[in-house]
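Enquirer: the following comprises the amino acid sequence and a computationally predicted model.
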Amino acid sequence: MGDTKPNGPLADLYEGRIGTPTTDDEVQGYWIFSLGVILGVLGVVVFALTDPRTTARAVGYALVALSPPTVMIGAIVRFPLKRSATTLGLLGGLLTLAAVAYFFVVFPDGWSRSTGNEVVNALYAAGIVVIGLAGTIVPLITDPVRDDYERMQAETASTAAERDETATELEEARSELDATAADLADAEA
């Protein structure tokens with residue numbers, strides 16, 4: 001999960017239209033979620049404009065199939081969930097991507113209009129279940145105390161680094177001030 005101040009054109013657009021983001025993950029998750037919505041709409045349009053049992057229709061199916069996992073992963077990335085949840089969500093996304101890739105292998109001859117294909121269906125369902133578990137169950141069963149402790153340690157280290165940097169800058173400013181005072185004293189003498 002990102003801890004730096006978000007920057008870049010997508011972060012700027014997010015800040016200008018939605019609100020001030022606190023992490024890169026918040027911005028990335030929003031745009032992944034938005035991509036999922038766009039994939040779904042585009043898939044429905046492609047499906048509606050193409051003939052049955054064609055490669056173009058398969059593209060429409062694929063875009064619609066990629067929409068739900070992308071939306072779900074966007075939510076997982078956007079929310080301040082634990083790294084294990086994000087990792088598991090991405091694994092589920094890979095399973096759904098594999099299902100869609102295999103769909104292109106079997107479509108149209110190995111694709112039943114009534115039941116689809118067992119392998120494609122199983123991979124896709126497994127991916128959706130894994131993403132769902134990542135976003136719902138993993139946050140509930142992981143130890144928040146340990147995660148909070150690790151987060152606080154990281155924040156403390158960051159604060160200490162900022163303190164040290166500020167102390168160094170202060171010491172440099174004092175040295176410059178002393179040198180300037182010495183130059184002024186010499187000029188007056």
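Expert: Here it is on my side, so go on. Numbers count the residues shown, from 1 in each chain.

Enquirer: for this structure, what's the longest helix?
Expert: helix 144-188 (DSSP state H).

Enquirer: give me the mean pLDDT for it.
Expert: Taken as a whole, helix 144-188 has a mean pLDDT of 82.

Enquirer: repeat that for stretch 126-134.
Expert: For stretch 126-134, the per-residue pLDDT averages 96.

Enquirer: any buried residues in it, and which?
Expert: A126, G127, I128, V130, I131, G132, A134 (16 or more other CB atoms under 10 Å). The C-beta positions use only the backbone N, C-alpha and C, and glycine is treated the same way.

Enquirer: what does that stretch contact?
Expert: 68-69, 72-73, 76, 81, 85-89, 91-99 (CB atoms under 8 Å, 6 or more residues apart in numbering).

Enquirer: I'd like to know which of those are buried.
Expert: 68-69, 72-73, 76, 81, 85-86, 88-89, 92-93, 95-99.

Enquirer: what residues does stretch 47-54 touch?
Expert: A56, R57, V59, G60, Y61, V64, P108.

Enquirer: could you list which of these belong to strands?
Expert: For these, membership in strands holds for none, with DSSP state E as the criterion.

Enquirer: for the residue lying closest to L95 once chain neighbours are set aside, pull up the helix or strand it's in.
Expert: Excluding its sequence neighbours, the residue lying closest to L95 (CB to CB, 6 or more residues apart in numbering) is G127, at 3.2 Å. For G127, the host element (DSSP states H and E) is helix 118-141.

Enquirer: and the angle for that helix with helix 144-188?
Expert: 70 degrees (axes from the mean of the first three to the mean of the last three CA atoms, to 10 degrees).

Enquirer: give me the distance from helix 118-141 to the chain's centre.
Expert: Offset of helix 118-141 from its chain centre (CA atoms, centre = their mean, to the nearest Å): 17 Å.

Enquirer: likewise stretch 83-93?
Expert: Taking mean C-alpha positions (CA atoms, centre = their mean), stretch 83-93 and its chain are 10 Å apart.

Enquirer: what's the answer for stretch 93-105, then?
Expert: On CA atoms, centre = their mean, the centre of stretch 93-105 falls 20 Å from the chain's centre.

Enquirer: ok, residues contacting it?
Expert: By CB under 8 Å, 6+ apart, the list of residues contacting stretch 93-105 reads 58, 61-62, 65-66, 69-70, 73, 111, 117, 119-124, 126-128, 130-131.

Enquirer: then stretch 73-81?
Expert: Contacts of stretch 73-81 (CB under 8 Å, 6+ apart): 1, 23, 25-26, 28-36, 85-86, 89-90, 92-93, 131, 134-135, 138-139.
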